[in-house]
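[1] just coords:
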């Protein structure tokens, strides 16, 4: 049995069914060592063409630090979120969701998930991201 790549599925589903828009999720996970510095934590190629509708970020457990964890998404090196609008996991939380993003994306674009602010104790892994692309 052979397995198809994300790119195969994205290309196969680029044409909407019955002229209805649909969502293609791009799910990625950072595992390994605890994250203790700002910068890129995930890098991959986009698997869909359309418009980013939602970005979700989850951490392992809850943020027990007094410092919020601030993420951003970069498409081909350009930040999707501005300074005050970045996905932020506050103290006591484990998830953040940003909806209505509206950023265009194409198959093959370089996607990078970054941590722009991190507690001094770091962030335990896994860290999960889900970027939903509305294809219409």
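    Looks like it arrived, so ask away. A quick note: this is a predicted structure, and the numbers were derived from the prediction, not measured.

[2] How far off centre is the host helix or strand of residue 70?
    Here residue 70 sits within strand 69-75, counting by DSSP states H and E. Offset of strand 69-75 from its chain centre (C-alpha atoms, centre = their mean, to the nearest Å): 8 Å.

[3] Mind giving me the packing neighbours of it?
    On a contact count with 3 or more C-beta pairs under 8 Å, 6 or more residues apart in numbering; DSSP states H and E, strand 69-75 meets strand 50-58, strand 88-89, strand 95-105, strand 110-117. In short, each C-beta sits where N, CA and C put it, glycine included.

[4] pLDDT on that strand, on average?
    Averaged across strand 69-75, the pLDDT comes to 96.

[5] In its sheet, which strands sit next to that strand, and in what direction?
    strand 78-79 (antiparallel), strand 88-89 (antiparallel), strand 110-117 (antiparallel) (DSSP bridges).

[6] Show the contacting residues for residue 130.
    Contact analysis of residue 130 by C-beta atoms under 8 Å, 6 or more residues apart in numbering lists 25-27, 54-56.

[7] how about low-confidence regions in this protein?
    1-22, 136 (pLDDT under 70).

[8] how does it look with 50?
    1-17 (pLDDT under 50).

[9] ok, so what distance separates residue 43 from residue 37?
    15 Å (C-beta to C-beta, to the nearest Å).

[10] Compare these two (neighbour count), which wins?
    Per other C-beta atoms under 10 Å, whichever of residue 43 and residue 37 has more neighbours is residue 43, with 12 against 8.

[11] For the closest residue in space to the more buried one that isn't next to it in sequence, name its beta-bridge partners.
    In space, not counting the residues next to it along the chain, residue 43 is nearest to residue 112; the distance is 5.1 Å by C-beta to C-beta, 6 or more residues apart in numbering. Beta bridges link residue 112 to residue 43, residue 74, judged by DSSP bridges.
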